[in-house]
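Visitor: sequence below, structure please.
(chains A and B)
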Amino acid sequence: MKLWNQKSNKKVFLLFALMSGALLIVGFFQSWNLMLAILNLCLISAVMSLGVNLQWGYAGLFNAGIMGFAALGGLAAMLVTKAPVIGAWHAGGFGILLGMFILVVSAILAYFVWVRLEGRGKKRYWYVIFIVVIGYIISRFVLGPAIISIESFEPSSSGYLGGAGLPVLLSWFVGGLLAALVAFFIGRITLGLRSDYLAIATLGISEIVIFIFKNEDWLTRGVKNVTGIPRPVPYEIELQSSIWFQNLSEYIGIGVIQASSLFVKLCYTSLFLSVLLILLWLCEKALNSPWGRMMRAIRDNETAASAMGKDVTSRHLQIFVIGSAIVGIAGAMLVTLDGQFNPTIYHPLRFTFLIWVMVIVGGSGNNFGAILGGFVVWFFWIEAEIIGNALVQILTLPLSDSSSLKEHFLNTAPQLRLLIMGLVLLLFLRFAPRGVIPEKTLRKLSE
Amino acid sequence: MIDYINAITLLANYIIVPSLAYGSQLALGALGITMVYAVLRFSNFAHGEIMSFGTMISIFIIWLFQSIGISINPLPTALLALPFSITATIILLLILDKTVFRYYQQQRVQPVTFMIVSVGVMFFLAGFIRFLIGTSKKNFDDGERFIVKASQFKQMTGLAEGLSIRTTQAITVIVTILLVIFIFWFLNKTRTGKSMRAFSDNEDLALLSGINPERVIIITWILVGVLASVAGTLYGLDKGYKPFVYLQLVLPIFAAAIVGGVGNPIGAVAGGYIIAFSEAFITFAYKRFLTYLLPKEWAPEGLVQILSTEYKFAISFVLLVIVLLVRPTGLFRGKTL
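Guide: Down below sits the predicted model:
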């Protein structure tokens, strides 16, 4: 059975055409460079909202830790691609590995004790706490000196262990895997809880992930940023000096510098677009399979689904892991596009709650809706700056140009984008809770 | 003997006094979240921004008073501004209730939908606040800064360790005690408070016995407005006002409410102090403390710090997870007011 009909097909097509039109207007009236920059981030946002749509739209899980998974993907992009710092490895690599080994062993030990002592009351807690604390203290003795020697190795240029020096496209898979791995552990702990506890727990974990990235300099260089992450596409300088590209830009009739920057952005666009299309295809397949129907059945009535013999908790875990993996891939793509890993860019409003706005505005439970939401919301997130500025200009017209109040509001005008996003989210929740492209249901189909 | 007194003074100066103040701020915040949870049955993500809104109004009023020369030296002007910011926050919450929350309350939507609505409110308020006041840090603690300065304390007692108590810390603790006493008196002794508790315990039964739900909800928002604006202003007074910090503050506040038992006011207050004290005890460097207590040969070389200070927020979170796993109802068996 195909949950798809002519009428909604047309509407989706029309909406995406409108979106392309808006991007073209930016291209004609602002600049093509800006338009491609917006488009690339739209594509990444769309991948993220596709992942969140899996969790919320298919399974009804409120994941408030999207930021953390995106950052994990970013970390993977950095760790896979950067060349290893041999000196730092010599200085403290062994200590780090040993410390990690001790931590892992104590965690496994604690888990076994936890399982074996099932039903023995309070004793179980004390044993587990004891093992974890002892493991942590021992690892601190090993890790402490190793970290100090790594961080003091050429601190201005490296001061961290570096990465694996592998191709950057591989890092997108690794980013997905890393996010999936972390999501598995978080899901094991939190998915049995009530929905709002899940939200608070994931929010907390994402904050901790960012704190770790900011402070564990041996791993991420902390706030000193890792720059120069290798690209999957050619560099502008190389293009400008190559003969074929000079001929090409002359043929099109634009300057070689501008042409090279457009070309690089187009390369990124095609890469991101192919990732998005592959993921979309997979998600559509999943949604229309027995598995997808089971997921929606669980979402709509957990008790009934569980009475039918569906294992609700492990299905939830499964979809939580898959959705987080997709967010991780998007995070890796974002760091690849930026060419640097900077843990300070991750703010919950931008990386968690904005994605939520995308999914809800687009239409939760519908992959095309989630993608459209990613495009539209990101587009307005960028263009809201111009809208906000214009709004302030109009509102402060009665004030003189030199008024300090006017100056203040022009400075804070970019913050209006948060206000606009909040308003959009509230209006949609109230008047169109199913989003722009609603979920396809059987009743809709028969109409 | 003198060593022991020095060690205790050290702890008092670095852990007990700051944690009492921080714990009070968290307790007030958690009390607000817990009340929304008990009566309206959802986790209010916008609470941090509501606190931030109250603080912003306080700052505007303080600037106004300072410009026309009103002050209550040696106390900070913020105390004078509090009634105004409380009123403004209550008005904001009642408007939000009327325009946003009431609809979903009547529809009896799932808690998770309510939570997303509160995310929308959070976004809106965050933008509104940052647009009005900007994002830079603002200090507004005027008046006498210290009750006891570290150097004075050393002179007075002749100890090697100083103890400093800032005016803002003392005010925080005193205001919190007064407010918490008022809230508990209100909930337990007045008719309205009792009807609130009945409503939170069993909504249908409360409706049957003639309790007006709209009135209960409005009273709840009024109390939440008082708690949030006071908590926000005290936090800003103590640590300086920076809009985006209030977004991060939601996490320890939630942790405090859940550790104590969400929906339980006693739990919320206790949870606030538990979170604050464990953050301080776990990130404190015990080197000097141990040097006082241990014989000279045993004096530690490193900082003897369990976790570095940057991970403060992580501690509240780990406590939260442990409580959720081991005792999901919280230490004080939460659920109803």
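Visitor: every contact and neighbour count from this point should use C-alpha atoms.
Guide: Noted.
Visitor: point me to the residue of the stretch 151-300 of chain B nearest chain A.
Guide: residue B:251 (6.5 Å; Cα to the nearest Cα).
Visitor: what residue spans form the domains of chain A?
Guide: For chain A, automatic domain parsing gives the domain ranges A:6-84+A:162-446, A:85-161.
Visitor: who wins for proximity to residue B:128 among these?
Guide: domain A:6-84+A:162-446 (5.8 Å; Cα to Cα).
Visitor: so how far is that closest one from its chain's centroid?
Guide: Centroid separation between domain A:6-84+A:162-446 and its chain, computed with Cα atoms, centre = their mean, to the nearest Å, is 6 Å.
Visitor: does chain B have contacts with it?
Guide: Yes: applying Cα under 8 Å from any Cα of the partner chain, one finds domain A:6-84+A:162-446 in contact with chain B at A:62, A:189, A:193, A:195-196, A:200-201, A:203-205, A:207-208, A:211-212, A:215, A:349, A:353, A:408-409, A:411-423, A:425-426, A:429.
Visitor: these in helices, which ones?
Guide: The helices, defined by DSSP state H, take in A:189, A:195-196, A:200-201, A:203-205, A:207-208, A:211-212, A:215, A:408-409, A:411-412, A:416-423, A:425-426, A:429 from the residues of domain A:6-84+A:162-446 next to chain B.
Visitor: can you map out the helices along the stretch 1-150 of chain A?
Guide: In the stretch 1-150 of chain A, the segments counted as helices under DSSP state H, counting those that start in this stretch are A:6-29, A:32-53, A:66-81, A:86-88, A:94-116, A:123-151.
Visitor: buried ones in the lengthiest helix in chain A?
Guide: When chain A is parsed with DSSP H, its longest helix is helix A:256-287. Buried positions in helix A:256-287, judged by neighbour count with 16 or more other Cα atoms under 10 Å in any protein chain shown: A:256, A:259-266, A:268-269, A:271-273, A:275-276, A:279-280, A:283, A:287.
Visitor: for the next helix or strand after that helix, give me every contacting residue.
Guide: Proceeding N to C from helix A:256-287, the next assigned helix or strand is helix A:290-300, under DSSP states H and E. Contacting residues not belonging to helix A:290-300 are listed as A:58-60, A:286-287, A:304-306, A:312, A:315 [Cα atoms under 8 Å, 6 or more residues apart in numbering or on different chains].
Visitor: which pair of those residues spans the longest distance?
Guide: Greatest spacing in the contacts of helix A:290-300, by Cα to Cα: A:286 and A:304 (21.5 Å).
Visitor: neighbours of residue 14, just the number please.
Guide: In the absence of a named chain, this looks at chain A. Applying other Cα atoms under 10 Å in any protein chain shown, we find 12 residues neighbouring residue A:14.
Visitor: sorry, should have said chain B
Guide: 16.
Visitor: ok, residue A:146 touching residue A:97?
Guide: No: counting by Cα atoms under 8 Å, residue A:146 sits too far from residue A:97 to count as a contact (9.6 Å).
Visitor: the more surrounded of these two?
Guide: Neighbour count, other Cα under 10 Å: between residue A:146 and residue A:97, residue A:146 has more, with 23 against 14.
Visitor: what sits against the closest residue to residue A:68 other than its chain neighbours?
Guide: Among residues not flanking residue A:68 along the chain, residue A:206 sits closest, at 3.9 Å (Cα to Cα, 6 or more residues apart in numbering or on different chains). If you count contacts by Cα under 8 Å, 6+ apart, residue A:206 has them with A:65-69.
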